[in-house]
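>>> Structure of the sequence below:
(2 chains)
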Amino acid sequence: KNQVEQSPQSLIILEGKNCTLQCNYTVSPFSNLRWYKQDTGRGPVSLTIMTFSENTKSNGRYTATLDADTKQSSLHITASQLSDSASYICVVSMNYGGSQGNLIFGKGTKLSVKP
Amino acid sequence: DAGVTQSPTHLIKTRGQQVTLRCSPKSGHDTVSWYQQALGQGPQFIFQYYEEEERQRGNFPDRFSGHQFPNYSSELNVNALLLGDSALYLCASSLGVSPYNEQFFGPGTRLTVL
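Numbering: from 1, shown residues only, chains lettered A, B, ... in the order given. The predicted structure is shown next:
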């Protein structure tokens, strides 16, 4: 079964601290993996995209890693800010012969950054 | 440059009714996908439209149907509403159907079924 599992389910950290969110997936055929940030009641916004051959990708204070062998990804947030409070969703895209297939979403990690 | 827009923002219906949700894709995009996001859950793929045809479909019953118009906008229709259909419905657009093309999400329509 195609699944994306994220941990922890929720996380509270102090402003300025770093944190790492985890994503494990069992999706085939794999195309790419994205991390999205979703503010409450809003649509998700893409942070990073990683393909099979990429190990690390950064976007400002966000750094994503991908281990295609173990089917694990992580999102590291450095020097957290209050505005980082949101749900972070790991999304794996399936590849149906070059066409955009089903996106498999994790349930997300709810991050709360406290002052 | 307008992003993805959805209407209405909120909607309240009763069981058994029918509902139509609307989506306008980001300028220049031709592919629209619909997702259902229950409270506390990740979005689940409903279906995708490209060239006015349904190209991919997730595990949703036939009560869920859609349409794409020549201007690339799209509608999601849900018949015979159930309490379990209460959710945030997200529309996402992209340019083409390549899995490497980013999908841009709209703000969603919050549907409540009483």
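
>>> Now do the SS call for the residue nearest to the spatial centre of chain B.
Centroid-nearest residue in chain B: B:W34, 3.1 Å away (criterion: C-alpha atoms, centre = their mean). At B:W34 the chain is in strand, as set by DSSP: H, G, I helix; E, B strand; the rest coil.

>>> can you tell me how far it sits from A:Y25?
Distance, B:W34 to A:Y25, by C-beta to C-beta, to the nearest Å: 22 Å. In this view, the C-beta of every residue, glycine as well, is placed from N, C-alpha and C.

>>> on that earlier part again, so the residue nearest to the centre of chain B touches B:P43, yeah?
No: using C-beta atoms under 8 Å as the test, B:W34 is too far from B:P43 to be in contact (9.5 Å).

>>> tell me the contacts of the residue nearest to the centre of chain B?
The contact partners of B:W34, by C-beta atoms under 8 Å, 6 or more residues apart in numbering or on different chains, come to B:C23, B:F45, B:I46, B:F47, B:Q48, B:G66, B:S74, B:L76, B:Y89, B:L90, B:C91, B:A92.

>>> could you redo the last one with a cut-off of 6 Å?
B:I46, B:F47, B:L76, B:C91 (C-beta atoms under 6 Å, 6 or more residues apart in numbering or on different chains).

>>> most neighbours, which of these?
Highest neighbour count within the contacts of B:W34, by other C-beta atoms under 10 Å in any protein chain shown: B:C91, with 29 neighbours.

>>> which stretch of helix or strand covers the residue lying closest to the residue nearest to the centre of chain B once chain neighbours are set aside?
Distance criterion C-beta to C-beta, 6 or more residues apart in numbering or on different chains; nearest residue to B:W34, sequence neighbours excluded, is B:I46 at 4.2 Å. Here B:I46 sits within strand B:44-50, counting by DSSP states H and E.

>>> So which residues make contact with that strand?
With C-beta under 6 Å, 6+ apart as the test, strand B:44-50 has contacts from A:102-103, B:31-36, B:54-58, B:60, B:64, B:66, B:68, B:74, B:97.

>>> Just these: which are in strands?
Among the contacts of strand B:44-50, the residues falling in strands (DSSP state E) are A:102-103, B:31-36, B:54-57, B:64, B:66, B:68, B:74.

>>> Give the bridge partners for the residue lying closest to A:Q72 once chain neighbours are set aside, please.
Leaving aside its sequence neighbours, A:Q72 sits nearest to A:N24 (C-beta to C-beta, 6+ apart; 5.3 Å). With DSSP bridges as the criterion, A:N24 is bridged to A:E5, A:Q72.

>>> Quick check, pLDDT for A:N24.
On the pLDDT scale, A:N24 is placed at 97.

>>> follow-up on the earlier one: tell me the pLDDT at the residue nearest to the centre of chain B?
Model confidence at B:W34 (pLDDT) stands at 95.

>>> same check, this time on A:F30
On the pLDDT scale, A:F30 is placed at 85.

>>> What is the neighbour count of it?
The tally of other residues near A:F30 (other C-beta under 10 Å) stands at 19.

>>> same check, this time on B:D62
B:D62 has 7 neighbours, counted by other C-beta under 10 Å.

>>> So A:N32 belongs to a strand, correct?
Yes: with three-state DSSP as the criterion, A:N32 is located in a strand.
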